[in-house]
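> Need coordinates for the below:
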Amino acid sequence: MNNLKQGIISFLLEVAKVVLVSLVIILPVRYFIIQPFFVSGSSMVPNFHDREYILVDKWTYALGRPQRGDVVIFKSPTDPKEYFIKRIVGLPGERVLVGDNKITIFNDRYPNGFILFESWYLPEENLTLCASNSSYCGRVITIDDGKYFLLGDNREHSSDSRVFGPVNKSAFAGLAWLRLWPLDRINFIPRVEYPPVN
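Predicted coordinates for the structure are as follows:
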C-alpha cells in the first residue's frame, strides 16, 4: 500500500513538473513572441478570409519599424477590446491622398508623389474607394511620427484609416506572420512590395 501511495505521489510530481515546464515555455512565447488571431469579417478579402487562423509575430516590431505592405493586427481605435487586421500603406512623416480609386504617397524621396500600384495583388473592384463616412478621403493627410495609414484589402467593406485616421504604432499587436487555417492555405504571409508608379 505504501509503494502504491509513493507511486501515485511520484507520478503526480512528474505531471506537475511537465505542466510547470510547459507553462514556463509556452506563456512567454504566447505573451511576448507569438499571438494567435482569427480573422473576422471580409475587410481583407481576397488575401484573408473570415475565420482564417493566423499567428501574429509580436517580436519583429520590438526590434524594427513596420514597413509599407506589412499586414498588421492592431487594437481598434474605437474599442480597445477589438482587434483589426489591415495593410500598411502610409508611413510616419509621409502625406497620403486617397481618392479616384488610387493612393498617392508624398515623401522626401517623391515630393511630387507616386501612386501605389496595387492591381497586381488586388482585383480592380477592391481598389481604393471613398465611402460617405470616409473623413480622410479626397484630401492630403499628413501622417504624424509613430503613426501609420492602414487600409483593408477589400476597400468597399473595410473600416480603416479612411474612417478613423492614422493608427499609432503602440496599438499594434504585431505582424501577421503565418496562416495556419484553412489547411489548403497554410503559408508564411509575405510583405507586399509596392513598385512606385507615376
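> Assign L13 to helix, strand or coil.
Classification of L13 by DSSP: H, G, I helix; E, B strand; the rest coil places it in helix.
> going forward can the numbers begin at 288, since that is how I track them
New numbering, starting at 288: the last item is L300.
> ok, how many other residues are close to it?
10 (other Cβ atoms under 10 Å). All C-beta spots, glycine's among them, are computed from the backbone N, C-alpha and C.
> what sits opposite the residue nearest the centre of the chain in the beta ladder?
By Cα atoms, centre = their mean, the chain has its centre lying nearest to V359, at 1.5 Å. Note on V359: beta-bridge partners by DSSP bridges are K373, L462.
> Can you name the residues that contact it?
P353, I372, K373, R374, I375, Y435, L437, F459, A460, G461, L462, A463 (Cβ atoms under 8 Å, 6 or more residues apart in numbering).
> and if you look at I375?
I375 makes contact with P353, Q354, R355, G356, D357, V358, V359, Y435, F436, L437 under the criterion Cβ under 8 Å, 6+ apart.
> sec struct for E405, please.
coil.
> roughly how far apart are it and V450?
Distance, E405 to V450, by Cβ to Cβ, to the nearest Å: 19 Å.
> between these two, which one's more packed in?
E405 (23 against 15).
> Assess the claim that that one and V385 are in contact.
No. Between E405 and V385 there is no contact under Cβ atoms under 8 Å: 11.7 Å.
> Identify the residue spatially nearest to F335, adjacent ones excluded.
V326 (5.0 Å; Cβ to Cβ, 6 or more residues apart in numbering).
> same deal with S327?
Using Cβ to Cβ, 6+ apart, the closest residue to S327 is D337 (6.5 Å).
> And for D432?
Excluding its sequence neighbours, the residue lying closest to D432 (Cβ to Cβ, 6+ apart) is P379, at 4.9 Å.
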